[in-house]
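Enquirer: Sharing a sequence plus its predicted fold:
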Amino acid sequence: MAKSQLLLPSLVLLLFILISKTISQSIIQLSRDRDDVYCNSWRFSVETNDVGYWDYVPSGCVSYVQDYMTGDGYRSDSEVVASYALAFAKTVEIAGDGKDAWVFDVDETLLSNLPYYVLHGFGSEPFDELSFDKWVDLAEAPALQASLDLYKELKQLGFNVFMLTGRSEYQRNATGKNLLFAGYSDWERLILRESSDKGKPATLYKSQKRLELVNEGYRIHGNSGDQWSDLFGFAVSRRSFKLPNPMYYIP
Ligand SMILES: [Mg+2]
């Protein structure tokens, strides 16, 4: 057989392979783009609390959440929220009586547990309390940088800062150690769940603790948290600042 007769079928085959590869890559890209559009809308509905209670990140959105959390999106969203919080804080007239307060949540607000969630599916796995408690005990969570910057500015402005967390009293030492490790200092009080708070929905527990502060004469101007349950309820702050968290929902 002549060489040119062999070459033609090989060229046709090569062309076929190249075309099918390009088509399949385009289909994959199209479906990824379609998933990203959906996942972006899902994240919007989660952050606005339109979804209400939800269990896990939808399986089609795990890599989207991973990209968001580890890329520029999460950092930028947190910075923008913090910048609005600071702009509001600057409008508050500090009375100088030590009663002008700001409340911060801890997990995914002051501290970032992202190193833990990187190893645990970015919210796609059921919450494992034992394993998370071990991570808490390490006291190595880094600060969410936008919150650390805001925290320092608020201290400068003269706010008294309260940390109100769903963590339990037995985690006080580890939590305090971690907050110092992450760069926080001079907080007014770190409030954790006591045994009498066990089983209370976060909204109720946090509202009751805020009410205690109000009854002590504190004026809660601002409240920063990654969960709506940090911000809703009674004895709410004048302004609430919802930080992003597409990994889990705490009612
Ligand atoms: Mg939190």
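Expert: On my side now, so go ahead.
Enquirer: which residue packs closest to S224, ignoring adjacent ones?
Expert: The shortest distance from S224 to any non-neighbouring residue, by Cβ to Cβ, 6 or more residues apart in numbering, is to F241 (4.6 Å). C-beta here means a position set from N, CA and C on the backbone, and glycine is covered the same way.
Enquirer: for stretch 45-63, the distance to its chain's centre please.
Expert: Centroid separation for stretch 45-63 versus its chain: 13 Å, with Cα atoms, centre = their mean, to the nearest Å.
Enquirer: ditto for stretch 244-251
Expert: On Cα atoms, centre = their mean, the centre of stretch 244-251 falls 7 Å from the chain's centre.
Enquirer: which outside residues touch that stretch?
Expert: 43, 46-47, 51, 53-55, 57, 65, 68-69, 74, 77-78, 81, 108, 117, 122-123, 127, 166, 201-203, 226-227, 229 (Cβ atoms under 8 Å, 6 or more residues apart in numbering).
Enquirer: if we go to 7 Å?
Expert: 43, 46-47, 53-54, 57, 65, 68-69, 74, 77-78, 108, 117, 122-123, 127, 166, 201-202, 226-227, 229 (Cβ atoms under 7 Å, 6 or more residues apart in numbering).
Enquirer: Just the ones of those in strands?
Expert: Within these, residues falling in strands by DSSP state E are G166.
Enquirer: Apply the buried test to the contacts of stretch 244-251 and list what passes.
Expert: 43, 46-47, 57, 65, 68-69, 74, 77-78, 108, 117, 122-123, 166, 202, 226-227, 229 (16 or more other Cβ atoms under 10 Å).
Enquirer: Counting neighbours, what do you get for D137?
Expert: Residues lying near D137 (other Cβ atoms under 10 Å) number 14.
Enquirer: quick one: the spatially closest residue to it that is not a sequence neighbour and the ion, what's the gap?
Expert: Counting by Cβ to Cβ, 6+ apart, A174 is the residue found nearest to D137 once chain neighbours are left out, at 5.1 Å. The gap separating A174 from the ion is 16 Å, by Cβ to the ion, to the nearest Å.
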